[in-house]
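Trainee: this one's structure only:
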Ligand SMILES: Cc1cc2nc3c(=O)[nH]c(=O)nc-3n(C[C@H](O)[C@H](O)[C@H](O)COP(=O)(O)OP(=O)(O)OC[C@H]3O[C@@H](n4cnc5c(N)ncnc54)[C@H](O)[C@@H]3O)c2cc1C
Ligand code: FES
C-alpha cells in the first residue's frame, strides 16, 4: 500500500497495488479531474513531485510530447511503486455521490438491440448504486486493461447493471463480450465513474445527443428524467445519430416513457449514404450537429445538454453549441467514448 499526498494541501490517501492513482483517490471521494479513465482524454494530468510510479502505457494519447517532456503523467495510467507526492488541482464543487467500488457480477441476460449493439445485463449481490449517465469499468477474462461502459438502466436495489455495447471489429474486449461470455459467467466491475451524470435538480429543458452506443447513458438519463416530478412544461429532445438506417435504435425504449411524443421527442438521423433499396431511410440525414442546426424547436438559452458517443461527434456538437448558440460550458455534460 502506498501513501499518496497532494502537494500544497493536507490531503493524502492510500493506493493499493491494483489501483491507479486516480481510482484510489476517487474511492476516498477526492474530486480529482478526470473523464475517460483509459488514458485518452488527458483530463487527469498531474505532476509527480516525488516517488516512483509504473505507467500502464508509454503511448497513451492523453499526453502530448510536450507533456511528456515536462514530466506530466496521467493519474488513470499510473500505479505507485512507493509513497508519492502529486501536484494536481482538485475540481471545485462536491465529488460524485457514490465513490467507486470493485464488485463481482454475473452475466444474466443478453439482448440484441441492433445488428452490432447488444444489451448485457449483469447481476451483483448488492444494490446497483450510480447516477444515470455514469459508467463502470469491466474486467473481462483474458483481456488486459479494463473497458469503460455506460449504464443504460436506472440505479436499483436488485443489483442489476445493464450496458449497451457495440461490437468493435478486432476489438479485444467486445470479442470476449460477444463471443466468449455465457450466461452465469462472472466478471469484475469497478464503478461508478464519470461526471456527465444527470443533474436532476435542474428545471431547464433537456437535450440528449447520442451517437452509436452513446445511446446507453442517454437512455438512462431519459428514464431518470421521466421519473422525476415535473410541472408538465419541461421538454426532452433526444437526438440519435447512426451511419446507416440499420444503426438507428432507441425509439422503442423511449416509447415506453409516458412523455413520449408529448414532452419527449425522438430525432434520429443517418449520416452515411442511403443507397440501396434494403437500406431505405425516410427520415433526416446528416451529422447530428447539422440536424440540430436545422431544428428550430430547441430553447438553447434554457436547456441542459448531455452528449455521449464518438469523440468527433461530441466535439462537433460542442463546437456547434458554443459557437452558434453561446451555450456556456456549465450546461454541457459529455462523455467521449474513446
Ligand atoms: C467513458 C466511456 C464510456 C464508454 N461507454 C461505452 C458504452 O456504453 N458502450 C460501448 O459500446 N462502448 C463504450 N465505450 C467504449 C469502450 O470502452 C471500448 O473502447 C470499446 O468497446 C472497444 O473495446 P474493445 O476492447 O473491443 O476494443 P480494443 O480496440 O481492443 O480496445 C479499446 C480501448 O481499450 C483500451 N485498451 C486496449 N488495451 C488496453 C490495455 N492493455 N490496457 C488498458 N487499456 C487498454 C484502449 O483505450 C483502447 O482504445 C466507452 C468508452 C469510454 C471512455
Ligand atoms: S481520465 Fe486519464 S486520460 Fe482520461
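Mentor: The structure has been received and is ready for your questions. Values in this document were obtained by computation on a predicted structure and should not be read as measured data. Ligands and ions are numbered 1, 2, ... in the order given.

Trainee: now residue 23. Nearest residue, chain neighbours left out?
Mentor: The shortest distance from residue 23 to any non-neighbouring residue, by Cβ to Cβ, 6 or more residues apart in numbering, is to residue 100 (6.4 Å). Just so you know, the C-beta spots here come from the backbone N, C-alpha and C atoms, and that holds for glycine as well.

Trainee: that should have said residue 89, apologies.
Mentor: Nearest non-adjacent residue to residue 89 (Cβ to Cβ, 6+ apart): residue 33, at 7.1 Å.

Trainee: please name the residues that touch the residue nearest to residue 23.
Mentor: Applying Cβ atoms under 8 Å, 6 or more residues apart in numbering to residue 100 gives the contacts 23, 26-27, 190-193.

Trainee: now it. Its backbone dihedrals?
Mentor: When quoted as degrees, to the nearest 10, the phi and psi of residue 100 stand at phi -70, psi 150.

Trainee: I'd like the numbering to begin with 585 instead of 1 from here.
Mentor: Noted, 585 is the first residue going forward, which turns the last one into residue 684.

Trainee: how close does it get to residue 755?
Mentor: 24 Å (Cβ to Cβ, to the nearest Å).

Trainee: swap in residue 631?
Mentor: In terms of Cβ to Cβ, residue 631 sits 33 Å off from residue 755.

Trainee: which pLDDT value belongs to the residue in the stretch 735-884 of the chain positioned nearest to ligand 1?
Mentor: Closest to ligand 1 within the stretch 735-884 of the chain is residue 755: 2.1 Å, counting by Cβ to the nearest ligand atom. With respect to pLDDT, residue 755 scores 96.

Trainee: how much space between it and residue 734?
Mentor: 16 Å.

Trainee: please apply the same query to residue 797.
Mentor: 8 Å.

Trainee: what does residue 840 give?
Mentor: 19 Å.

Trainee: buried residues in the biggest helix by length in the chain?
Mentor: Longest helix in the chain by number of residues (criterion: DSSP state H): helix 895-909. Counting neighbours by 16 or more other Cβ atoms under 10 Å, one finds that the buried residues in helix 895-909 are 895, 897-898, 900-902, 904-905.

Trainee: thought residue 802 was touching residue 795?
Mentor: No: counting by Cβ atoms under 8 Å, residue 802 does not reach residue 795; the two are 9.6 Å apart.

Trainee: those two: who's more crowded?
Mentor: More neighbours surround residue 802 than the other of residue 802 and residue 795, with 31 against 28 (other Cβ atoms under 10 Å).

Trainee: wait, a helix at that one?
Mentor: Yes: with DSSP: H, G, I helix; E, B strand; the rest coil as the criterion, residue 802 is assigned to a helix.

Trainee: for it, which residues are in contact?
Mentor: 792-794, 822, 824, 834, 890, 892.

Trainee: ok, and of those, which contact ligand 1?
Mentor: Among the contacts of residue 802, no residue sits close to ligand 1 (Cβ under 6 Å from any ligand atom).
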